[in-house]
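Undergrad: What follows is a predicted protein model with its sequence.
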Amino acid sequence: MKKLNVILVYNKEEDKILMCKRTKEPYKGKFNLVGGHVEQNEDELCAAYRELQEETGITNNDISLTHIMDFEYKMSDMELEVYAGRLNKEVSLVEEVNKLYWLDKNENFFDINKFAGEGNIGHMIKQAEICGIVKSIE
């Protein structure tokens with residue numbers, strides 16, 4: 001089974017969420033969470049930190065990630081692992097491929113015309129709140 005991850009990153013104040021704008025399909029031109037592939041035999045949490053650092057420059061010294069949920073796509077033979085965390089300090093972002101943006105946490109992340117994932121990003125954000133990873137959206 002192919003494994004991928006996405007990382008829900010909140011700024012220190014928890015009022016913004018880090019997103020990238022996709023430059024290729026699927027979801028070209030839409031906002032998405034950062035993340036990537038889990039290599040074969042790679043520890044999943046290590047893969048999340050590796051992808052986060054590669055795509056943003058954020059390291060495990062800047063954030064503590066919590067594995068909050070998984071999506072299993074049986075027909076595509078794929079699993080998507082979802083991690084979330086809040087930065088413990090201000091960071092300078094380093095873009096890899098996709099341009100990075102801090103979006104207000106009050107955005108409508110269920111808007112499928114603006115965000116990748118058919119509404120899943122909104123669901124992930126709500127789950128991070130329910131789990132107590134971050135404060136609820138007002």
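TA: Received the coordinates, thanks.

Undergrad: For this structure, which segments count as strands?
TA: Assigned by DSSP state E, the chain shows strands spanning 2-10, 16-21, 31-32, 34-37, 66-73, 78-86, 99-104.

Undergrad: Let me have the ones you listed in TSV, adding distance to residue 115 and mean neighbour count as columns.
TA: Using the backbone N, CA and C atoms, a C-beta is placed for each residue, glycine as well. Formatted as TSV, the strands of the chain follow (distance: least, C-beta to C-beta, whole Å; neighbours: other C-beta atoms under 10 Å):
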stretch	distance to residue 115	mean neighbour count
strand 2-10	12	21
strand 16-21	8	21
strand 31-32	5	19
strand 34-37	13	19
strand 66-73	15	14
strand 78-86	15	21
strand 99-104	9	13
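
Undergrad: just so I know, which of the ones you listed lies nearest residue 130?
TA: Taking C-beta to C-beta as the criterion, strand 66-73 is the member of these that comes nearest to residue 130, at 9.1 Å.

Undergrad: closest to residue 60 out of the strands of the chain?
TA: strand 78-86 (9.7 Å).

Undergrad: Which secondary structure elements does that closest one sit against?
TA: In terms of contacts (3 or more C-beta pairs under 8 Å, 6 or more residues apart in numbering; DSSP states H and E), strand 78-86 is packed against strand 2-10, helix 44-56, strand 66-73, helix 120-130.

Undergrad: Let's have those in CSV, adding mean pLDDT and distance to residue 80.
TA: Rendered in CSV, the data for the helices and strands packed on strand 78-86 read as follows (pLDDT from 0 to 100; distance: least, C-beta to C-beta, whole Å):
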stretch, mean pLDDT, distance to residue 80
strand 2-10, 98, 5
helix 44-56, 98, 11
strand 66-73, 96, 4
helix 120-130, 95, 8
